[in-house]
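>>> my questions concern the predicted model and sequence given below.
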Amino acid sequence: MKYEIFDNLPDSEEAKDYKTALKLLTDYFSPKKNKTFEIYKFRQAQQLDSESVDKFYTRLRQLASTCEFTNTDDEIRSQIIQRCSSKKLRENALRDDNMTLA
């Protein structure tokens, strides 16, 4: 019973060492990531009433880690501008195109 899953994995016959076998089993048992859903969750994130901008940034950074963005900092910056609760921060960021996350 223990070996049935492994024996039925594609390329299991070529797994001649422990490292290759471990990778095959890890890939099989790891949950599959839905990139579109991960981006959806990121885009839905908005700053909570009790959340500082720093905490919002940290939460966005964590959500972005599964999105495979080309430029994560630009995406986070854009999300903060669009979904932060501070009107003043939004206005300043929209006025200054060179404003960075730092």
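Noted; the coordinates are in hand.

>>> now Arg83, nearest residue through space, not along the chain?
Gln46 (3.9 Å; Cβ to Cβ, 6 or more residues apart in numbering). For the C-beta atoms, the positions are set from N, CA and C on the backbone; glycine is no exception.

>>> hmm, the one you found is touching Ile80, no?
No - assessed by Cβ atoms under 8 Å, Gln46 is found out of contact with Ile80, at 9.9 Å.

>>> which one's more surrounded, the two?
Each of Gln46 and Ile80 has its neighbours counted (other Cβ atoms under 10 Å); Ile80 has more, 21 against 14.

>>> before we move on, which element is that one in?
Applying DSSP states H and E as the criterion places Ile80 in helix 72-83.

>>> who touches that helix?
42-43, 45-47, 53, 56-57, 60-61, 64, 67, 69, 89-90, 93-94, 99-101 (Cβ atoms under 8 Å, 6 or more residues apart in numbering).

>>> buried among these? Make that a ChimeraX selection.
Provided next is the ChimeraX selection string for whichever of these are buried by 16 or more other Cβ atoms under 10 Å:
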select :42,45,47,56,57,60,64,67,69,93
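
>>> keep only those of the contacts of helix 72-83 that are in strands.
When these are checked against strands (DSSP state E), there are no matches.
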